[in-house]
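Peer 1: A structural model of the following input is requested.
(chains A and B)
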Protein chains: 2
Amino acid sequence: MTLQQRIEDDAGTLVEQVMQAVRQRIAARTLAPGAKLPSIRGFADAMQVSKSTVVEAYDRLAAEGLIRSRRGSGFYVAGHLPPLSLAEIGPRLDREVDPLWVSRQSLEAGDAMLKPGCGWLPREWMPDEAIRRALRTLARSEMVDLTDYGPPLGLSPMRQLLSRRMAEHGIEAEPRQIMLTESGSQAIDLLCRFLLEPGDTVLVDDPCYFNFHAMLRAHRARVIGVPCTPTGPDLEAFAQALTEHRPRLYITNSGLHNPTGATLSPVTAHRLLKLAEQHGLTIIEDDIFADLEPEPAPRLAAFDGLERVIHIGSFSKTLSAAVRCGFIAARPDWVEGLIDLKLATSFGGGHFSAELVHALLKDGSYRKHVEALRERLARAMSEVGPRLKKLGLEPWIEPRAGMFLWCSLPDGMDAATIARRALAENVVLAPGNAFSLSQSAKGFLRFNVAQSLDTRVFSVLERAMA
Amino acid sequence: MTLQQRIEDDAGTLVEQVMQAVRQRIAARTLAPGAKLPSIRGFADAMQVSKSTVVEAYDRLAAEGLIRSRRGSGFYVAGHLPPLSLAEIGPRLDREVDPLWVSRQSLEAGDAMLKPGCGWLPREWMPDEAIRRALRTLARSEMVDLTDYGPPLGLSPMRQLLSRRMAEHGIEAEPRQIMLTESGSQAIDLLCRFLLEPGDTVLVDDPCYFNFHAMLRAHRARVIGVPCTPTGPDLEAFAQALTEHRPRLYITNSGLHNPTGATLSPVTAHRLLKLAEQHGLTIIEDDIFADLEPEPAPRLAAFDGLERVIHIGSFSKTLSAAVRCGFIAARPDWVEGLIDLKLATSFGGGHFSAELVHALLKDGSYRKHVEALRERLARAMSEVGPRLKKLGLEPWIEPRAGMFLWCSLPDGMDAATIARRALAENVVLAPGNAFSLSQSAKGFLRFNVAQSLDTRVFSVLERAMA
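Peer 2: Numbering: from 1, shown residues only, chains lettered A, B, ... in the order given. Purely as a prediction, here's the structure:
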């Protein structure tokens, strides 16, 4: 053996030793799949070998596929990362209270968290058993297509049923004026695409559903807020905004307003529509909470006959957010353009969800479910309201139904600070300014009464407000 | 009355006359909502008034909200502005062969129609029975949530499974780099929103999947086509387009290219990525036909390590278009922004579809199904190719797999004319120019071999070509 060979052999042995050390650590899970390997320098020091030996070892292990290199970032154990821990994807305490803050907090919260700030009902309030029954029925039915694209407008019997339901609320929409969407959000998103140019101005209520802000930002719209009153938008401010900003569009909830729980009055509806007509304004009436009303409130779409009002709805809040189905009712000439836009951007959408929702609407289980929901919500409302008042949280109005209480904090208190403190105790609140374009609602919190029945909500609130 | 006052008064009357003329045209729908008003000069001539009178009249009507001005583009009747005019809508047979023509024909076609131009597989090729079985299983499983919103990234076990599947194709994507979407289309749409500003330039293959044109139009992108070769885009034209147009994005299929069936070669992939790096180009690799390949072709995402390539996929073409689930694999820092955008525009999406697709992928039924599908497609390819040749339709290449044959017509024949004739006989064809930005494919038709097994396809074709 020459000296040269001996040196190479020794080096080989050293490289092999380093490789073996890494293998052992991986086998013992000291280095878990996905973990970063020690730095070249650090491991060279630890193993008392040269850096080039570690480089060689890591390269060979990478060639074997046991580890992977990532440019500029080092080496990682191959294989796949274990499921992300809640800590990794969990709530970020330091994220700014922006329009998406409440959504992400609520969506990312584990089951252990309490979510009085959440915008939807607790899982156990939803008709799980009825959905399972409908799934079994659909699995058996030969009439149900489980593999093909649906028609561009969406499942025909579902559109017929929606047409009849709307008629009960005084809204005349033929089935051909109704287009199904994957959700209420997708419905509004499609309409914004259809109606808005970048830079167009859109009116929203202040406060309003926070996702309107995020969505309109995605559409590059200029957003103007109009203050809310308990019977709809402040008409003087509304008229002034029309003159001053010439908005293209107004997005609102007429029925149970999110977050305030307000209900549009007939006189406000009438005046608002006259103003809209004078100024060529189009209105999107987002009616996703309609089925929580004991008696239907006035609908802009009913007054207007779908001339300039577009009516949208969904079942995500009352039936299931896992099997979603939304819809748009609009003028027939607009529906044609909307179909093209829907095809262009989502190519239809899985119509199985529409089949499932239709099955539940058809067989009466949905009707029974929402009747029970309304009663249960009314009970929760009468229970949660007084408890909040005891803490000094004063409801802005007594909503006639629904899940939301829009409450003002005692003077000088900041909702965002309280929300951050509550989050540290695993309670997700909805601070007012997430809903307010003018950021004038820092003294408000929105409560979902169905998510506020646990007494811990109030003890955490009390501490956070102290 | 002073002379000055009289002049002003007369001018006022003239302005009022012009305004009244516009109002009447709008009331009579001679000027429909969204229609462009006559030019200032044209209307001044027609009304025999000065241009400044028309300017004043238009300004006042705009202040009233009856019309709207658009910078650099003139005045429009308020109300519905068709900002995108994705297509001319008319009686179906007369509708121009535009990017959405084939989609709507295929989606609206009844079961009695033959659809060799359709972009997906026939219903009876899809795994209906396996889906029904999975539905029953999910209906029983207590582990499956049927009512709540899913986590923002989408079902965790599905993302883990996708991560492992991609690894088999050489694409390293950790589960946290994978976001589920409602479909492949929604994935691309979200990415366009994430990456593009209105007016940005996007490269596409010419020909390419026709919906890319429609979607990019919806994003107000400037689209530039790069000619296809059997091994990927023409690199010289690609390089020139990069220099000349500085595109932000390139959208392509690497595997089985739609509509040509071409497959990217490793050398083209490598050079293309070098060019992309030089020019700061981002690439969306739309891989929805991946599972139809017997052996995976080179993937840009594998070469690039998801640095500048974003990989998307779905199961709509291989499993079900009624229960859809797509995904995006991208750099971790991009995924964060994509989550926000997904929440803002669709608030998540029904995750039941992901549960169902995951169930089918997990239990092996999907693997068996696609294996059978590949064999069946190969048989159909060997059957349909020769029949088309007999009619003088020459495949541009022999694709290594998939469902598409991109065929040239005998000299001088126009595919759109043939498609219109065939439609009158209830056969939906896919004329080449629906896929071609440069409108240079009028002598081509795309055939889906799985939809072309009925002999009537060929007799109708023969008559339409006569």
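
Peer 1: A:Thr255 against A:Thr263, yeah?
Peer 2: Thr isn't right for residue A:255; it's Gly. Yes - under the criterion of C-beta atoms under 8 Å, A:Gly255 makes contact with A:Thr263 at 6.5 Å. No exception for glycine: its C-beta is placed from N, CA and C like everyone else's.

Peer 1: common neighbours of these two, please.
Peer 2: Both A:Gly255 and A:Thr263 are in contact with A:Glu293, A:Ala297, where contact means C-beta atoms under 8 Å, 6 or more residues apart in numbering or on different chains.

Peer 1: the two - which one has more neighbours?
Peer 2: Legend: neighbour count by other C-beta atoms under 10 Å in any protein chain shown for A:Gly255 and A:Thr263, higher for A:Gly255 (27 against 23).

Peer 1: and whichever residue of the stretch 151-300 of chain A sits closest to chain B, helix, strand or coil?
Peer 2: Using C-beta to the nearest C-beta, the closest approach of the stretch 151-300 of chain A to chain B is made by A:Gly280 at 2.9 Å. When classified by DSSP: H, G, I helix; E, B strand; the rest coil, A:Gly280 comes out as coil.

Peer 1: tally up the residues packed near the closest residue to it other than its chain neighbours, please.
Peer 2: Among residues not flanking A:Gly280 along the chain, B:Ala78 sits closest, at 2.9 Å (C-beta to C-beta, 6 or more residues apart in numbering or on different chains). Applying other C-beta under 10 Å, we find 23 residues neighbouring B:Ala78.

Peer 1: B:Ala78 and A:Gln278 touch, don't they?
Peer 2: No - in this structure, B:Ala78 is not within contact of A:Gln278 by C-beta under 8 Å, at 10.4 Å.

Peer 1: could you pull out the strands for the stretch 251-400 of chain A?
Peer 2: A:282-286, A:309-314, A:326-329, A:394-395 (DSSP state E, counting those that start in this stretch).

Peer 1: immediately after the last one, which helix or strand?
Peer 2: In other words, strand A:394-395. Once the chain leaves strand A:394-395, the next helix or strand it forms, by DSSP states H and E, is strand A:404-408.

Peer 1: partner strands of that following strand and their direction?
Peer 2: Strand A:404-408 has its sheet partners listed here by DSSP bridges as strand A:394-395 (antiparallel), strand A:444-448 (antiparallel).

Peer 1: identify whichever of those lies nearest to A:Thr417.
Peer 2: strand A:444-448 (11.3 Å; C-beta to C-beta).

Peer 1: pull the CA atoms of that closest one into CSV?
Peer 2: Below are the C-alpha coordinates for strand A:444-448, written out as CSV (Å, rounded to 0.1, in the frame of the first residue of the first chain):
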residue,chain,number,x,y,z
PHE,A,444,-66.0,47.3,19.9
LEU,A,445,-65.9,43.5,20.0
ARG,A,446,-68.1,41.2,17.9
PHE,A,447,-69.4,38.2,19.8
ASN,A,448,-70.8,35.1,18.3
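
Peer 1: for the closest residue to A:Asp145 other than its chain neighbours, which residues are in contact?
Peer 2: Counting by C-beta to C-beta, 6+ apart, A:Asp145 lies nearest to B:Ala322, which is 5.9 Å off, once chain neighbours are set aside. Counting by C-beta under 8 Å, 6+ apart, B:Ala322 touches A:Asp145, A:Leu146, A:Thr147, A:Asp148, A:Tyr149, A:Gly150, A:Gly350, A:His351, A:Phe352, A:Glu355.

Peer 1: out of these, who's nearest A:Gln439?
Peer 2: Using C-beta to C-beta, A:Gly350 comes nearest to A:Gln439 of the contacts of B:Ala322, at 38.6 Å.

Peer 1: pick out the residue nearest the middle of chain A.
Peer 2: A:Ser103 (5.2 Å; C-alpha atoms, centre = their mean).

Peer 1: doesn't it belong to a strand?
Peer 2: No - read with three-state DSSP, A:Ser103 is helix and lies in no strand.

Peer 1: give the contact list for it.
Peer 2: Contacts of A:Ser103 by C-beta under 8 Å, 6+ apart are A:Gly119, A:Phe210, A:Asn211, B:Leu343, B:Phe347.

Peer 1: with A:Met215 as the reference, measure out to it.
Peer 2: Counting by C-beta to C-beta, to the nearest Å, the gap from A:Ser103 to A:Met215 is 11 Å.

Peer 1: what separates the residue nearest to A:Gly170 when sequence neighbours are not counted from A:Asp111, distance-wise?
Peer 2: Once flanking residues are discounted, A:Gly170 sits nearest to A:Ala302: 3.6 Å by C-beta to C-beta, 6+ apart. Applying C-beta to C-beta, the value for A:Ala302 to A:Asp111 is 40 Å.

Peer 1: ok, those two, which is more surrounded?
Peer 2: A:Ala302 (20 against 7).

Peer 1: tell me which element A:Arg164 is part of?
Peer 2: Going by DSSP H and E, A:Arg164 is in helix A:156-168.

Peer 1: try A:Phe238
Peer 2: Counting by DSSP H and E, A:Phe238 is part of helix A:235-245.

Peer 1: so does that helix get close to chain B?
Peer 2: Yes - remark: helix A:235-245 sits within contact range of chain B at A:Leu242, A:Thr243, by C-beta under 8 Å from any C-beta of the partner chain.

Peer 1: which helices and strands sit right next to that helix?
Peer 2: Contact here means 3 or more C-beta pairs under 8 Å, 6 or more residues apart in numbering or on different chains; DSSP states H and E; on that basis helix A:235-245 packs against strand A:201-206, strand A:222-229, helix A:266-278.

Peer 1: so is the last one next to chain B?
Peer 2: Yes - Helix A:266-278 lies within reach of chain B by C-beta under 8 Å from any C-beta, at A:Gln278.

Peer 1: give me the angle between that helix and strand A:282-286.
Peer 2: For helix A:266-278 against strand A:282-286, the angle by axes from the mean of the first three to the mean of the last three C-alpha atoms, to 10 degrees is 140 degrees.

Peer 1: show me the contact partners of helix A:266-278.
Peer 2: So helix A:266-278 is in contact with A:229, A:231-233, A:235, A:238-239, A:242, A:250, A:254, A:264, A:281-283, A:298-300, A:303-304, A:308-309, B:64-65, going by C-beta under 8 Å, 6+ apart.

Peer 1: from those, list just the buried residues.
Peer 2: The neighbour-count criterion (16 or more other C-beta atoms under 10 Å in any protein chain shown) marks A:229, A:231-233, A:235, A:238-239, A:242, A:250, A:254, A:264, A:281-283, A:298-300, A:303-304, A:308-309, B:65 among the contacts of helix A:266-278 as buried.

Peer 1: what is the neighbour count of the residue nearest to A:Ala262 when sequence neighbours are not counted?
Peer 2: Distances taken as C-beta to C-beta, 6+ apart place A:Pro230 nearest to A:Ala262, at 5.0 Å, with adjacent residues excluded. By the measure other C-beta under 10 Å, the count of residues near A:Pro230 is 16.

Peer 1: quick one: contacts for A:Pro230?
Peer 2: For A:Pro230, the contact set (C-beta under 8 Å, 6+ apart) comprises A:Thr260, A:Ala262, A:Thr263, A:Trp396, A:Ile397.

Peer 1: strands of the stretch 1-150 of chain A, start to end?
Peer 2: A:67-70, A:74-77.

Peer 1: I'd assumed B:Phe352 was in contact with A:Val323.
Peer 2: Yes - counting by C-beta under 8 Å, A:Val323 touches B:Phe352, with 4.6 Å between them.

Peer 1: between these two, who's got more neighbours?
Peer 2: Neighbour totals were compared for A:Val323 and B:Phe352, and B:Phe352 leads with 29 against 26 (other C-beta under 10 Å).

Peer 1: chain B contacts on the stretch 151-300 of chain A?
Peer 2: So the stretch 151-300 of chain A meets chain B at A:151-152, A:182-183, A:185-186, A:189, A:193-198, A:211, A:214-215, A:217-218, A:220, A:242-243, A:246, A:248, A:278-282 (C-beta under 8 Å from any C-beta).
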